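**Student:** Need the 3D shape of this:
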Amino acid sequence: QYWGINSLQLLPDGKYKFEAGKCLPYSGSSLDLGAHLIDMELLTKNEYAKILSTEDIGCLANLSKPALQDGYVHYEKIIPSNSGGQRVLKKAYNELLKADTSEKKQLLKQIKDFSQENKEWLEPKAIFEALSTKYGTESIEKWSEIDRNLYNEKLVSISKRKSVIDGIYKSELGKEIGFFEFKQFLAQDHLAKAKNELNQKGIKLNGDVVVGFSLDEVWANPKAFIEGYSIGWGLPAMDFDSPEA
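**Tutor:** Sure, this is the predicted structure:
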């Protein structure tokens, strides 16, 4: 109130990545949200606390302390697949799948509804994440030919793609897809709550604009891009003559 602040702007809210020890905020997408938007403390204060153990809640509380101690956000404790934050989130998701209480069943339904409502953009991203885990890399050049060209209708028919995707869901990778959708649900939910809290105080919340596209978007929408061309900084060039673009 003293300064008359009425607006806050975030960095891009897409998925952050680590390269050469640095966390890059402009490496994600404007569609999916990053794990850094999941409020770890919020997990300990609502229905998720019923899923987590006392040890897990202690771990989540510790994840938020470094930012208070030295002024830095320690993304390496939240974002990488082997980080403490991801470990606790995965444990919470696995416990949630047991659905032995009405709270868990209701939460699972909310996640399922969210996934269905956002299927057009969410499913390809979740499958890309699962396949990246399977191959240990996001470089599709190292994937099998059919996985590499899964959304390329010139090489893989729509019926064949559906068959392959059904197989992915039924395999162990199905749980990886569900985990990705679970995190997207949490990020969307927590961002909405933060926005609502700020709006109630008369403060607008804005997000930075992403200037490029993530690897999974290029992979899942090959008709939208000109193969082999870039707009600079390694960012793919769109084919604006195509309806897909």
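
**Student:** could I have the longest strand along the chain exported to PDB, CA atoms only?
**Tutor:** Determined from DSSP state E, the single longest strand within the chain is strand 225-232. Extracted in PDB, the C-alpha atoms of strand 225-232 (Å, rounded to 0.1, in the frame of the first residue of the first chain):
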ATOM      1  CA  PHE A 225       7.200 -25.700 -38.400                       C
ATOM      2  CA  ILE A 226       9.700 -25.500 -41.300                       C
ATOM      3  CA  GLU A 227      12.100 -28.400 -40.900                       C
ATOM      4  CA  GLY A 228      15.700 -27.300 -40.600                       C
ATOM      5  CA  TYR A 229      15.000 -23.600 -40.100                       C
ATOM      6  CA  SER A 230      15.400 -21.400 -37.100                       C
ATOM      7  CA  ILE A 231      14.400 -17.800 -36.100                       C
ATOM      8  CA  GLY A 232      17.700 -17.600 -34.100                       C
END
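
**Student:** residues in contact with it?
**Tutor:** With CB atoms under 8 Å, 6 or more residues apart in numbering as the test, strand 225-232 has contacts from 212-213, 218, 236-239, 245. (Glycine included, C-beta is placed from N, CA and C.)

**Student:** Show me those residues that map onto helices.
**Tutor:** residue 218 (DSSP state H).

**Student:** Report the lowest-confidence entry in the contacts of strand 225-232.
**Tutor:** Within these, pLDDT reaches its minimum at residue 212, with 78.

**Student:** In this structure that one contacts residue 238, no?
**Tutor:** No: the criterion here is CB atoms under 8 Å, and residue 212 misses it with residue 238 at 10.1 Å.

**Student:** Among those two, which residue is more densely surrounded?
**Tutor:** Shown here are residue 212 and residue 238; by other CB atoms under 10 Å, residue 212 has more neighbours (20 against 17).
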